[in-house]
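Novice: Below is the sequence, then the predicted model.
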Amino acid sequence: MKRTKMRVGGRTRWLSRPIGWAIRGFLRQVGSLAGLHDSRSSAARSLGASLQEKLARDETIYLLAVSLGPHNSGASLVAISREEGVVLITNEQEERHRAEKHCGEFPSLSLLEIVRHLERRGVDPDEIHACLYGWDYLAAFSSLSAYCYSHFPGSMTIPFTTNFDHLMTPRTALSSLTAGSRISCILKRTRRLPTVAMTHHDCHAYFSLGVSPFLESKRPTLVSVIDGGGDHEVTSIYQWSGGQLSPLYRNTDLADSLGFFYGMLASTQGGWRFLSAEGRYMGAAAWGDQGRLTNRFYRRLRQIFYFGPSGTVKANQVMAAWTHRRMNWPYGAELKSVLGEALPFEEHWNPDAVIDVKDIQHSEITRDRVDKAAAVQMVFEDCLVHLLGHFIEETGADQLVMTGGTALNCVANMRLLDIFDETWYERNLQKKRTRLHLWVPPIPGDAGVVPGAAYAFAMANGIMPKRCLQSSFYCGMPPRHEEIQSALEEKQDIHYLKFGNVSTPEGLRKVAHLMARCVSRNGVIGVFQGVAETGPRALGHRSFLANPCDERTLETLNARVKYRERLRPLAPMVTLEEAKRLFLLSPGARDADYNAYNYMVLTVKAGPEARKRLPAIVHEDGTSRIQIVRENIDPLMHRFLVELATCNGYGVSVNTSLNIGGPIVQTPKQALLLLDRARGLDGLILVAETGEVHTAWSTLRGEDRMPSRLPGWLQ
C-alpha cells in the first residue's frame, strides 16, 4: 500500500501564541468593561459565593442560561435548592420557535418562553441570580484567530467564510458584549443581569455527568467531550473523582477536530451541508463494506490521522488541506487520490431548510459512495478507540459519559461497548468481571451546552444534581386545549373530531387502542402531545408512528411522508420487556434500568426474531437505534405499545420525528401543516395539557394522495 506523507501541527505556531494571548487579553478587558465576565474572574467567584449564601438561607435560586449561536441558539432555566439540588426546568431551542433548523439567531423567542415559565411558577425575573453563556465567545474568537495565524496564510479566510457559518464569527463574538442588556430587556428586569461566559467543553461535561447514572458512583468515571470545536479545545477528557471533575487532556488545535473531520467528509462526499450531513452519512455507512481488510478506501484513508503515544490523534495536513488553506479546496492531492474530488460547497444543499422537499431528486446510492462512507465511519471509530483506550488504561475507569456533537454517532457508541468488554479489561488491565459502562445524554450536541452552562456554574460551586435524567421532554409547554382548537378551526381542508381524554384510564386505553389499530393495519399517524423533546430525537411527544412489521413502511415514510433519502433508517420505540426479548442489549448500558437506551443515542444489534419479523426498523447492518418507553414517563406511548402487541404481536413501533424539511414541530399549527405536505400521512393525534384528544385528517385529494383511513378507524 502506498504510504502518504505525514505533517501535523501548524507551521507557524510560534506566530499564533503571542497573537492569541494578546487578542484574548484585550477582549477579556473589553468584556469586563461591558459587564461580561469569564468563569475564572473575581466577578464569577463573587456570584458563586452569593449563590451558596442564598442556598444556606434555604432559598430557591434560578439561573438563566443562554446560547447566542453561532448555531443552535437557545435559552434554559434551571432551579437550585437545598432539597432538590440542580433541576432543569426547561431547555428552549430557537430552531423550534422559528421553524429553522440549527438556527443561530439571537434567542428572543426562547427567552419569551422562559418568561412564560417564570410567570407560571410565580417568579419575578429580578429573582434570577445570573445569566450564564454556553460559550466563552470572546475566548472562542481569539482561539480561532490564533489558529488562523498558526496555519498562515491559507487559513486566514476561515472566520469570514460563508460556507462555515457555524464557526465563531466576529459578529457572534461582538454580539455577546451587548446581549446582556437585550436579555434583561426581554425579561423585563429592573436591573441588568450579571453575565458569566462559561467554557464550552465544561458546559458539555458538567451537564452530561450531572444528569447521568454515574454522578454518585464511587467507581472511576471518565467524561469525553469531542465535537467540532469549543472556545479553546476540540477534544477534552475529564475524570470524575471525589466530587471533582478534573481535566486530563485537552487538544486545542482546530485542525485535529474529529467532529470537523467527519462533518467535512460527510458534506463534501454526501452533498449535504454541515450539521445536516453527519447523521445522514452515518446512515449511509451501514450500506457499505464495513470490513477493515476488505474496504478498498479504508487503509489509505486511515492515514489522514497520526495515531501517536498517550492517545494522541492528530490530523495529517498533507491530506486534510482544509486545516491550512482556503475552504474551497479542502482536499490535498493524496486525499483526492483516495476519495476523488470534493463536491463544491456551492453544490451542497440543506435538507432541513428545503420547502419543496417532495420535488428533491436524491442522489443515487452507489457502491463507491457507501463504501467511502463506511471507511470514514471506521476511521472515526479507530480514533475514538485509540484516544479513549489510552485514558481507560491510564485511569482504570470502567464508566464513561460521552458528550459533544460526535456522541450522536450512535453506531460508534455501540462499537465502544463491543470493544471494551470483559475480555479487553482482563487482557489490558488484569481486571476480571469488569467492562465499560457507557451513557450519552439526549442532548450531547450544542443544544446541551445551554443548560450545561447553568449546571457547570452550580456544580463548580459544589451544588450537585440529585437525580438521573429520565426523559428529554423539556422544550416549550404542553399545548392548551384552546390552542389546539383554534389551530384546528383556522386550518382549511381538514376534518377533526374530539376523541376521549387520556387523563383517565378508560380514555387512555381508548386512544391507545385507536392508535394501535391504525398502525397495525399499516396506517401512518402523527402524535403531538405534552412538552416537546429537546435535542435532535423525537421520542414520542412529536413523532410519526408506523408499522415495523411491514417491509414497505421504510419506503412509505421516506418517499411519501418525510421525502428523504432511501438510505435513511427508521428507529423503533419499544417497551423494556420487548427490548430485552428482541434486541441484544449490552450489559454496558444496563445502568439505571437501561437508561442509556431511552434517547436513541445508542444502537443495538437486532435479534433473529426482530430481523425476520420487524424489517422496517432493522438497518442494513443489522442494528436498530432503539428507544425504551417507560409507563411512568410516557403513559400514552407505553399503553400504545401494549395495545400494539395485542394487535400484531409486538410492542414495537416505528418512531420518526414529526417534521418534514425542518426542525421537529413545536406548535399545533406547525403540526397541522404536515397534513398538507405528507401524502402518506393518515392523520394526527393532538393531546392537550388537560388530556383532551383531537384527531385530525386531511380532506385534500390528488393523484398521489390516498384518502385517509383514520375516519374508518374512528368508528
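Specialist: Received it, and whenever you're ready, just let me know what you need. A quick note: this is a predicted structure, and the numbers were derived from the prediction, not measured.
Novice: Only C-alpha atoms from now on, for both contacts and neighbour counts.
Specialist: Noted.
Novice: In the longest helix seen in the chain, which residues are buried?
Specialist: Longest helix of the chain, by residue count under DSSP state H: helix 367-395. Residues 369-392 are the ones in helix 367-395 that count as buried (16 or more other Cα atoms under 10 Å).
Novice: cool, stretch 512-520 as well?
Specialist: By neighbour count with 16+ other Cα under 10 Å, stretch 512-520 contains the buried residues 512-520.
Novice: same question, stretch 479-487
Specialist: Buried-residue list, stretch 479-487, by 16+ other Cα under 10 Å: 479-481, 484-485, 487.
Novice: of those residues, closest to Arg24?
Specialist: Nearest to Arg24 among those, counting by Cα to Cα, is Pro479 at 45.2 Å.
Novice: and the gap between Ser41 and Cys203?
Specialist: Ser41 sits 17 Å away from Cys203 when distances are taken as Cα to Cα, to the nearest Å.
Novice: and the buried residues of stretch 512-520 as JSON lines, adding pLDDT?
Specialist: Converted to JSON lines, these look like this (pLDDT from 0 to 100):
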{"residue": "Ala512", "pLDDT": "97"}
{"residue": "His513", "pLDDT": "97"}
{"residue": "Leu514", "pLDDT": "96"}
{"residue": "Met515", "pLDDT": "97"}
{"residue": "Ala516", "pLDDT": "97"}
{"residue": "Arg517", "pLDDT": "96"}
{"residue": "Cys518", "pLDDT": "95"}
{"residue": "Val519", "pLDDT": "97"}
{"residue": "Ser520", "pLDDT": "96"}
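Novice: Of all pairs in the residues you listed, which one spans the longest distance?
Specialist: Using Cα to Cα, the buried residues of stretch 512-520 span at most 12.0 Å, a distance reached by Ala512 and Ser520.
Novice: Please name the residues that touch Leu438.
Specialist: 399-402, 417, 588-589, 596 (Cα atoms under 8 Å, 6 or more residues apart in numbering).
Novice: Keep only those of these that are in strands.
Specialist: Cross-referencing those against strands under DSSP state E gives 399-402.
Novice: Export the strand or helix carrying Gln485 to CSV, keeping only CA atoms.
Specialist: If you go by DSSP states H and E, Gln485 is part of helix 481-490. Extracted in CSV, the C-alpha atoms of helix 481-490 (Å, rounded to 0.1, in the frame of the first residue of the first chain):
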residue,chain,number,x,y,z
HIS,A,481,-56.9,22.9,24.6
GLU,A,482,-57.8,26.3,23.3
GLU,A,483,-54.6,26.5,21.3
ILE,A,484,-55.3,23.2,19.6
GLN,A,485,-58.9,24.1,19.0
SER,A,486,-58.0,27.4,17.5
ALA,A,487,-55.4,25.9,15.2
LEU,A,488,-58.0,23.3,14.0
GLU,A,489,-60.6,25.9,13.3
GLU,A,490,-58.2,28.1,11.3
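Novice: what does that helix rub up against?
Specialist: 494, 496, 668-669, 672, 686, 688-690, 692.
Novice: Distance from stretch 695-711 to the middle of the chain?
Specialist: Chain-centre distance of stretch 695-711: 33 Å, with Cα atoms, centre = their mean, to the nearest Å.
Novice: ok, now stretch 502-517?
Specialist: From the chain centre to the centre of stretch 502-517 is a distance of 31 Å (Cα atoms, centre = their mean).
Novice: Ok, stretch 104-122 next?
Specialist: Using Cα atoms, centre = their mean, the mean C-alpha position of stretch 104-122 is found 21 Å from that of the whole chain.
Novice: Buried residues, it. List them.
Specialist: The neighbour-count criterion (16+ other Cα under 10 Å) identifies 104-115, 117-118 as the buried residues of stretch 104-122.
Novice: Which of these sits closest to Trp272?
Specialist: Among the buried residues of stretch 104-122, and counting by Cα to Cα, the member closest to Trp272 is Gly104, at 18.3 Å.
Novice: Run a quick check on that closest one versus Asn72, I expect a contact.
Specialist: Yes. Counting by Cα atoms under 8 Å, Gly104 sits close enough to Asn72 to count as a contact (5.3 Å).
Novice: Return every residue with contacts to both of the two.
Specialist: 94-95.
Novice: domain parsing for the chain?
Specialist: In terms of domains, the chain is parsed into 13-211+447-469, 254-439, 475-714 (source: automatic domain parsing).
Novice: right, and those domains - which one's nearest Leu248?
Specialist: Relative to Leu248, the nearest member of the domains of the chain by Cα to Cα is domain 254-439, separated by 8.4 Å.
Novice: ends of the closest one, how far apart?
Specialist: End to end - Cα to Cα - domain 254-439 spans 26 Å.
Novice: what does stretch 425-437 give?
Specialist: Criterion Cα to Cα; first-to-last residue distance in stretch 425-437 is 12 Å.
Novice: Which of the residues in stretch 639-659 are classified as buried?
Specialist: Buried residues in stretch 639-659, defined by neighbour count with 16+ other Cα under 10 Å: 639-645, 647-648, 650-659.
Novice: cool, and stretch 450-465?
Specialist: Under the neighbour-count criterion of 16+ other Cα under 10 Å, stretch 450-465 has 450-460, 463-465 buried.
Novice: Please enumerate the helices of the stretch 151-300 of the chain.
Specialist: Ranges of helices within the stretch 151-300 of the chain are 170-187, 200-210, 258-270, 277-285, 298-301, based on DSSP state H, counting those that start in this stretch.
Novice: now swap in the stretch 1-150 of the chain and tell me
Specialist: Under DSSP H, counting those that start in this stretch, the stretch 1-150 of the chain gives helices at 13-33, 42-56, 94-98, 108-121, 137-150.
Novice: got the ones you listed as JSON lines, with mean pLDDT and distance to Gly242 columns?
Specialist: Below are the helices of the stretch 1-150 of the chain laid out as JSON lines (pLDDT from 0 to 100; distance: least, Cα to Cα, whole Å):
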{"stretch": "helix 13-33", "mean pLDDT": "77", "distance to Gly242": "32"}
{"stretch": "helix 42-56", "mean pLDDT": "95", "distance to Gly242": "20"}
{"stretch": "helix 94-98", "mean pLDDT": "96", "distance to Gly242": "37"}
{"stretch": "helix 108-121", "mean pLDDT": "97", "distance to Gly242": "35"}
{"stretch": "helix 137-150", "mean pLDDT": "81", "distance to Gly242": "29"}
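Novice: what's the closest of those to Tyr281?
Specialist: Tyr281 lies closest, by Cα to Cα, to one member of the helices of the stretch 1-150 of the chain: helix 94-98, at 22.3 Å.
Novice: from the middle of its chain, how far away would that closest one be?
Specialist: Distance of helix 94-98 from the chain centroid (Cα atoms, centre = their mean) equals 15 Å.
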